[in-house]
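In: Sequence and predicted structure, then a few things I'm wondering about:
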Amino acid sequence: MRTKVLTVFGLLLVMGIVLAGCAPVVTVQQGAPDASTAASALTDEPVELTVRAFSFQLKPDRGRAGDQLRAWASAHPNVKLNVQSVDDFNGDVLATDVAAGTAPDLVFAEGGAVQPLLTSGQLLDLSPWYDVAELEKDYLPDYWNNFMAYEGKLYGIYQDTEARVVYYRPDFLAEAGLAAPANGWSYAEMRDYARQLTTADRAGVCIGKEGYIELAMTVANGLNFGEDFTYDNEAVRAYYQFLSDLIADGSTPAEQVGLTRDQCAQLFAAGKVAMIFLHSNGITSYTSGSPALLNPEQIGVVSLPVLNAGDPFGTFGGGFMWVVPAKEYSAAQLATIKDLLQYMTSQDSQVSYALFRGFLLARKSYMAEINRLVVEDPGVSSSIVGAFYPTWIEIAQNNLTSIPRDSNTTVYRLGLAAGLEVIQAGQSVDNAVQAATDYFEANKK
């Protein structure tokens, strides 16, 4: 039975290296080589690299990217690894840095932020470092077609993604005499659950001002992007009607519709709300603390509701990918970047990262390995995150993929959000459809 995935990051806890802090740039100090990386220095020549990532991905209690970097750095004492910890990042920042010659050497960023750089010559072609044909077969089509490849060349390696789901409190369902909901449940079924779970001191479901992100993806996935950016259709109207019904029923109190996802999750942990919309890894902050705010038996997970029972269910959200800015590198730097990138995107590294943080992975073979571990390794299946993977994997297997995207996809989803604000203000579905349409027409590219 395989144990490396479970132990490699446990070994890192004793290294005492902190990548992220208050300062925007942190230097990784080299310690004794970690044998679990099974790597040695590429060359005796000193090499300095700069890696940029969001700060939360580097903190020991939140992200695993920092642990991955530490593991690699421990085996490469000749490399000085500077990590830029940023709280806000978008493709414009990187594009400006590339033009100014101040770009880092390796970037771990949100796929949507760096995707426009694929077509502008600002990213290094990674095709010589990977078997592109094999990668194309292994990656989910949506991520390959929309984020990683352009005109037959590879410009990024997608590391993770996340399922949008509904979390519920099984203890509250038991009180109400309700069975656990099943993946593929409908809007009508979730509305009924929300009504029965609502009490004088507990809401049935917290929508939150960001709830549209989860639900709108279900609506958006049912449309033909690039050809059908219309809001006046059955899917969109049913989406707005569902949200209106939850508010009208009192299942979602008016004071909760403006909350953030984190605020909804806090109410969920406190027992003030029975169900929440959240991404798959979003619950780990509440289960991994000491003491944990929630125990595994206090959490159930099910797919987002669909318009009609039996419709395809399951959506993936955003995620993060590795890219290398196009600039001048020495031969030693390129060899070192290649080694670091291949380690960070290896199966052991990514599977360990996902099992700790609750992410799904865009590579089919890597998700198959997670599935094998969940089935065969009690240490994985009994863990807080591992317990959720069977549901997440079912959602992944039913996911709608390879949806062509164009520059108006994000505008469309923001239009859906504009309509949601109208619903939250107590106005009609017609008004919501009109608000969404107006936003799209004013902002489309």
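Out: That came through fine.

In: With adjacent residues omitted, what lies nearest to G317?
Out: Excluding its sequence neighbours, the residue lying closest to G317 (C-beta to C-beta, 6 or more residues apart in numbering) is E162, at 4.5 Å. C-beta: built from backbone N, CA, C; applies to glycine.

In: List the residues that contact that neighbour.
Out: Residues in contact with E162 (C-beta atoms under 8 Å, 6 or more residues apart in numbering) are 279-282, 316-319, 358-360.

In: can you rerun that using 10 Å?
Out: Applying C-beta atoms under 10 Å, 6 or more residues apart in numbering to E162 gives the contacts 278-282, 315-320, 354, 357-360, 392.

In: Now intersect those with the strands, please.
Out: Assigned to strands by DSSP state E, the following of these qualify: 278-279, 320.

In: Reformat those residues as TSV; add neighbour count.
Out: Compiled in TSV, the ones in strands among the contacts of E162 are given as follows (neighbours: other C-beta atoms under 10 Å):
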residue	neighbour count
L278	27
H279	22
F320	24
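
In: okay, these in CSV with pLDDT and distance to L58 next?
Out: Shown next, in CSV, are the ones in strands among the contacts of E162 (pLDDT from 0 to 100; distance: C-beta to C-beta, whole Å):
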residue, pLDDT, distance to L58
L278, 86, 22
H279, 84, 19
F320, 88, 12
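
In: Buried among the contacts of E162? Make that a PyMOL selection.
Out: Applied in PyMOL, the following selects the buried portion of those according to 16 or more other C-beta atoms under 10 Å:
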select buried, resi 278+279+280+281+282+315+316+317+319+320+354+357+358+359+360+392
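
In: Filter the contacts of E162 down to just the ones in helices.
Out: If you go by DSSP state H, those have 354, 357, 392 in helices.

In: Any idea which of those residues the model trusts least?
Out: Within the ones in helices among the contacts of E162, R357 has the lowest pLDDT, namely 82.

In: ok, G204 - contacts?
Out: In this structure, G204 makes contact with 168, 172, 176, 190-198, 246, 249-253, 273-275, judged by C-beta under 10 Å, 6+ apart.

In: Separate out the buried members of those residues.
Out: Applying 16+ other C-beta under 10 Å to the contacts of G204, the neighbour count classes 168, 172, 190-198, 246, 251-252, 273-275 as buried.

In: All the strands of this structure, in order from the start?
Out: Taking DSSP E as the test, the strands found in the chain are 25-28, 47-54, 79-86, 106-110, 149-150, 153-154, 157-158, 164-168, 275-279, 300-303, 320-323.

In: Could you check the second one and say which residues are buried?
Out: Looking back up the chat, that one is strand 47-54. By 16+ other C-beta under 10 Å, the buried positions in strand 47-54 come out as 47, 49-54.

In: Quick check: phi and psi on the residue nearest to G317?
Out: As for E162, its main-chain torsions (degrees, to the nearest 10) stand at phi -150, psi 150.

In: all numbers from here: first residue = 788
Out: Let's use 788 as the start, then, which means that last one is E949.

In: Tell me how far it lies from A1141.
Out: Computed as C-beta to C-beta, to the nearest Å, the E949 to A1141 distance reads 10 Å.

In: which residues do the two both contact?
Out: Taking C-beta under 10 Å, 6+ apart as the contact rule, E949 and A1141 both touch 1067-1068, 1147, 1179.

In: can you tell me which two in these are farthest apart?
Out: Using C-beta to C-beta, those span at most 9.5 Å, a distance reached by N1068 and W1179.

In: Quick check: neighbours shared by those two?
Out: Common neighbours of N1068 and W1179, using C-beta under 10 Å, 6+ apart, are 949-950, 1141, 1145-1147, 1172.

In: Reformat the strands of the chain as TSV; add distance to N1195.
Out: Shown next, in TSV, are those (distance: least, C-beta to C-beta, whole Å):
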stretch	distance to N1195
strand 812-815	37
strand 834-841	26
strand 866-873	28
strand 893-897	19
strand 936-937	19
strand 940-941	25
strand 944-945	22
strand 951-955	21
strand 1062-1066	23
strand 1087-1090	27
strand 1107-1110	22
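
In: mean pLDDT for those strands: which is lowest?
Out: Note on the strands of the chain: strand 812-815 shows the lowest mean pLDDT, a mean of 38.

In: Quick check: chain neighbours aside, which residue is closest to Q1050?
Out: Leaving out its chain neighbours, the residue that sits closest to Q1050 by C-beta to C-beta, 6+ apart is G995, at 6.7 Å.

In: what's the closest of the shared contacts of E949 and A1141 to V1089?
Out: Nearest to V1089 among the shared contacts of E949 and A1141: W1179, at 10.7 Å, using C-beta to C-beta.

In: The closest one against G1104, yeah?
Out: No: under the criterion of C-beta atoms under 10 Å, W1179 is not in contact with G1104, lying 11.8 Å apart.

In: okay, and the common contacts of those two?
Out: Shared contacts of W1179 and G1104 (C-beta under 10 Å, 6+ apart): 949-950, 952, 1067-1068, 1147.

In: Go through those and say which is closest to A860.
Out: So of the shared contacts of W1179 and G1104, ranked by how close each gets to A860 (C-beta to C-beta), first place is N1068, at 24.5 Å.

In: Please tell me I have it right and that closest one contacts L1147.
Out: Yes: in this structure, N1068 is within contact of L1147 by C-beta under 10 Å, at 8.5 Å.

In: Please enumerate the shared neighbours of these two.
Out: By C-beta under 10 Å, 6+ apart, N1068 and L1147 have these common neighbours: 947-950, 1104, 1106, 1141, 1179.

In: Need the worst-confidence member of the residues you listed.
Out: Lowest pLDDT within the shared contacts of N1068 and L1147 is found at G1104 (72).

In: Was I right to think that one contacts T948?
Out: Yes: counting by C-beta under 10 Å, G1104 sits close enough to T948 to count as a contact (6.5 Å).

In: what residues do those two have in common as contacts?
Out: Joint contacts of G1104 and T948 (C-beta under 10 Å, 6+ apart) are 1066-1068, 1147.

In: Farthest-apart pair in those, please.
Out: Spanning the widest gap among the shared contacts of G1104 and T948 are H1066 and L1147, at 9.8 Å by C-beta to C-beta.
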